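Trainee: What would the 3D arrangement of this be:
(chains A and B)
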2 protein chains.
Amino acid sequence: MSPEISASPGKGELCLALSGGVGGAKLALGLARVLEPQQLVVVANTGDDFEHLGMHVAPDLDTVMYTLAGLADTQTGWGRAGESWNFLAALEALGGETWFRLGDGDLALHVERTRRLRGGETLSEVTEAFCARLGVRSRIIPMSDEPVRTLVLTVDGELAFQHYFVRERCEPAVCGFRFSGIEAAAPSPGLAAVLQHRGLGAVVICPSNPFVSVDPILAIDGVTAALRVSKAPLVAVSPIVGGTALKGPAAKMMAELDMPTTAAAVARHYRGRQLLDGFVLDRADAALAEEIESTGVATLVTDTVMVTLEDREVLAREVLAFAERLAL
Amino acid sequence: MSPEISASPGKGELCLALSGGVGGAKLALGLARVLEPQQLVVVANTGDDFEHLGMHVAPDLDTVMYTLAGLADTQTGWGRAGESWNFLAALEALGGETWFRLGDGDLALHVERTRRLRGGETLSEVTEAFCARLGVRSRIIPMSDEPVRTLVLTVDGELAFQHYFVRERCEPAVCGFRFSGIEAAAPSPGLAAVLQHRGLGAVVICPSNPFVSVDPILAIDGVTAALRVSKAPLVAVSPIVGGTALKGPAAKMMAELDMPTTAAAVARHYRGRQLLDGFVLDRADAALAEEIESTGVATLVTDTVMVTLEDREVLAREVLAFAERLAL
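Mentor: Okay, here's the model as predicted:
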């Protein structure tokens, strides 16, 4: 048996990964490379989706899809490699809104998705069709086919997520979050099926922002409850390393919410939801392992900073092996 | 007095040009270069507008705007110079419809126009705003703010104009035309104002397709009647030279409609609408001048094939001088 197979869930077992954008997509790619396609389902946050210029833009979903399709810009972690920006330049000349960077190739996704959604297809159906066209063999599904919109409560008032994140560059201090539409949103059919699947062997919370990438998924009706009763161990990988977020505003948000900006605080965040079986933290944070273990959560201390493709695969194997041990 | 001024309508007088796409836009550019900005109003056909990929695309209007803004691709006569095509390539990879060529920069116009139209602005308002942003000083206005859609009746059935023109490459034989929505369409406010303007000194029908570029404008409620009673001479420039159309399917259509494919037949087409005071035909067709004159229409035989920028200006001056003589 090769190490890849021994480190994966048992034959036929499913791994469910919950992911936001850049950081989460890195681990999702690692998982996709060490698991068989049918063994992995990546659920992407759609709380950061928004209507922009009349189009349905789904940044996290697209980052995961581009990453697994090998199309992502490896410098930025989002958008497409070799992108051109003539649309945006022409839009600026016309006086249009250019704060959200839409590349020329990327635009095709938004235009075609919007067309198909207006024609009555669901976001799940469109995503599945795009993945098939782009040669993505693992399943990528939106958390819900209904609109959920993350609103960031700031000292300057409530901001739509992309307005906070991109337009305001995460500058306003955060005091909370609201997921508009969450009451009416059901898990997407793919997510509902995985949660009920007898073969679900591991749930991995990717190193994504707990508040705006993972919590929206967990807030979908029935998702947290199903994860609690699932026999599959739930393992989260810390997005906080050495007190800072590798990408995005997670650490800044934690400070503004009067939380310690530590991996341990992330573990507590999920532990408080009675979800967490295992927590993966970086060697830089090894001193926090004891504190986390004391709350009844197993820990794995390893290198979690994914720079190379090999880093992604190694971490994916370690996370899967960790979950396998917890399942025993 | 420079020749430019002497060849223009009297000081303060207005020239109204009716235009389709490429050929018409060439003369419109010539007119824009020899007249003061406030002396020229170019009315563009919007019968070839269509909804494509969820966007309002206005090919003739945009060709005129790009041409007068100096942004047009001078090789094709349509679209933008220096255009890139990454959107279309990415759309093709996703399995989207790519038969209509939308360049990356061009797309900005359609996305932003659609956004503004959905927000409640009229096509006239959006066009005026775009022209201002692009530095177009002459006025370009759509024939109507209401939707008019040219349908081509062919032996294979009725086709939406762009489906006939682009997707089917004008191949099906034509037996007639229908302008859907024409009954409900009013002239755009700008067109209505020009038609009533006391200073209207000349009306120029640019060398555009009579059936699908000019007739839709003439079919708008009240336009033909207003042109008939106007004191301003109406001069048309033949789009047919030596029995063929320089661009597009005009000659092919004429043959299929059992009309001679001659400049004289174009003159008859407008003469039959009791509109034509003067007709400009190419030296290649000089032999037809007598036939046209015999119907009571004055003729100007000159070089009408516009290759260089100077050609456009020279023809514009000649057409204006011709109209001026007819007004005496």
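Trainee: Listing request: residues of the stretch 1-150 of chain A with sub-threshold pLDDT.
Mentor: Low-confidence regions of the stretch 1-150 of chain A, defined by pLDDT under 70, span residues A:1-12.
Trainee: What sits closest to A:E92 if chain neighbours are left out?
Mentor: A:T98 (4.8 Å; Cβ to Cβ, 6 or more residues apart in numbering or on different chains). Every residue, glycine included, has its C-beta placed from N, CA and C.
Trainee: what's the answer for A:V166, then?
Mentor: Here the nearest residue to A:V166 in space, its sequence neighbours aside, is A:F100; by Cβ to Cβ, 6+ apart that works out to 5.5 Å.
Trainee: Now do the helices in the stretch 1-150 of chain A.
Mentor: A:3-6, A:22-34, A:59-69, A:86-93, A:104-118, A:123-133 (DSSP state H, counting those that start in this stretch).
Trainee: Against which helices or strands is the second one packed?
Mentor: I take that to be helix A:22-34. Contacts defined by 3 or more Cβ pairs under 8 Å, 6 or more residues apart in numbering or on different chains; DSSP states H and E place helix A:22-34 against strand A:14-19, strand A:40-44, helix A:59-69, helix A:309-327.
Trainee: Would you mind putting the ones you listed into CSV with distance to chain B alongside?
Mentor: Converted to CSV, the helices and strands packed on helix A:22-34 look like this (distance: least, Cβ to the nearest Cβ, whole Å):
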stretch, distance to chain B
strand A:14-19, 21
strand A:40-44, 17
helix A:59-69, 10
helix A:309-327, 23
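Trainee: circling back to that earlier point, wait, which of the helices of the stretch 1-150 of chain A is closest to A:E324?
Mentor: helix A:3-6 (8.6 Å; Cβ to Cβ).
Trainee: Quick check: A:I217 touching A:L16?
Mentor: No: using Cβ atoms under 8 Å, A:I217 is not in contact with A:L16, being 10.3 Å away.
Trainee: okay, those two: which has more neighbours?
Mentor: Remark: of A:I217 and A:L16, A:I217 carries more neighbours, 28 against 25, as counted by other Cβ atoms under 10 Å in any protein chain shown.
Trainee: On the three-state scheme, the more buried one is what?
Mentor: Using DSSP: H, G, I helix; E, B strand; the rest coil, the structure places A:I217 in helix.
Trainee: now A:T224
Mentor: Classification of A:T224 using three-state DSSP returns helix.
Trainee: I'd like to know how many residues surround the nearest residue to it once chain neighbours are set aside.
Mentor: Distances taken as Cβ to Cβ, 6+ apart put A:L218 closest to A:T224, at 4.9 Å, once the chain neighbours are dropped. Around A:L218 there are 17 other residues, counting by other Cβ under 10 Å.
Trainee: Against A:H197, how distant is A:L218?
Mentor: Distance of A:L218 to A:H197, given as Cβ to Cβ, to the nearest Å: 18 Å.
Trainee: for A:L191, same thing?
Mentor: From A:L191 across to A:H197, the span is 10 Å (Cβ to Cβ).
Trainee: Give me the more crowded residue out of the two.
Mentor: For A:L191 and A:H197, the more surrounded residue by other Cβ under 10 Å is A:L191, and the numbers stand at 25 against 15.
Trainee: residue contacts, the more buried one?
Mentor: When contacts are counted by Cβ atoms under 8 Å, 6 or more residues apart in numbering or on different chains, A:L191 touches A:41, A:43, A:141, A:143-144, A:220, A:223.
Trainee: Let's see that with 10 Å instead.
Mentor: A:L191 makes contact with A:16, A:18, A:41, A:43, A:124, A:141-145, A:217, A:220, A:222-223, A:226 under the criterion Cβ atoms under 10 Å, 6 or more residues apart in numbering or on different chains.
Trainee: Check A:M65 too.
Mentor: Counting by Cβ under 10 Å, 6+ apart, A:M65 touches A:25, A:28, A:42, A:44, A:58, A:71-72, A:109, A:127, A:130-131, A:134, A:136, A:140.
Trainee: can you check A:G248 too?
Mentor: Taking Cβ under 10 Å, 6+ apart, we find A:G248 in contact with A:20-23, A:77, A:165, A:170, A:208-209, A:212-213, A:239.
Trainee: So it, which state does it fall into?
Mentor: Under three-state DSSP, A:G248 comes out as coil.
Trainee: now swap in A:V301 and tell me
Mentor: Classification of A:V301 using three-state DSSP returns strand.
Trainee: Skipping adjacent residues, who's closest to it in space?
Mentor: Leaving aside its sequence neighbours, A:V301 sits nearest to A:A286 (Cβ to Cβ, 6+ apart; 4.8 Å).
Trainee: For my notes, confirm the one you found occurs in a helix.
Mentor: Yes: assignment of A:A286 by three-state DSSP places it within a helix.
Trainee: so how many other residues sit close to it?
Mentor: Using other Cβ under 10 Å, A:A286 has 13 other residues around it.
Trainee: my guess is A:W85 contacts B:L107, does it?
Mentor: No: A:W85 lies out of contact with B:L107 (Cβ atoms under 10 Å); the separation is 11.9 Å.
Trainee: For these two, list the residues in contact with both.
Mentor: A:91, A:102, A:104.
Trainee: restrict these to those near chain B?
Mentor: A:91, A:102, A:104 (Cβ under 10 Å from any Cβ of the partner chain).
Trainee: Most neighbours of all the residues you listed, which one?
Mentor: Neighbour counts for those peak at A:D104, which has 27 neighbours (criterion: other Cβ under 10 Å).
Trainee: Please list all residues in contact with that residue.
Mentor: Counting by Cβ under 10 Å, 6+ apart, A:D104 has contacts A:80, A:83-90, B:84-90, B:103-105, B:107-108.
Trainee: Give me the buried entries from those residues.
Mentor: Listed as buried from the contacts of A:D104 are A:80, A:83-88, A:90, B:84-88, B:90, B:103-105, B:107-108; burial here means 16 or more other Cβ atoms under 10 Å in any protein chain shown.
Trainee: ok, now how distant is the closest residue to A:A284 other than its chain neighbours from chain B?
Mentor: Counting by Cβ to Cβ, 6+ apart, the nearest residue to A:A284 once its immediate chain neighbours are dropped is A:G242, at 4.2 Å. Applying Cβ to the nearest Cβ, to the nearest Å, the value for A:G242 to chain B is 38 Å.
Trainee: swap in A:T308?
Mentor: According to Cβ to the nearest Cβ, A:T308 and chain B sit 27 Å apart.
Trainee: and that residue, how many neighbours does it have?
Mentor: A:T308 has 8 nearby residues by other Cβ under 10 Å.
Trainee: repeat for A:E310
Mentor: Neighbour count for A:E310, taken as other Cβ under 10 Å: 11.
Trainee: Check A:T154 too.
Mentor: 18.
Trainee: Find the nearest non-adjacent residue to it, please.
Mentor: Excluding the flanking residues, the one nearest A:T154 by Cβ to Cβ, 6+ apart is A:P172, at 3.6 Å.
Trainee: what about that neighbour, which SS state?
Mentor: What three-state DSSP gives for A:P172 is coil.
Trainee: ok, A:F100 touching A:H163?
Mentor: Yes: at 9.2 Å, A:F100 and A:H163 qualify as touching, with contact defined as Cβ under 10 Å.
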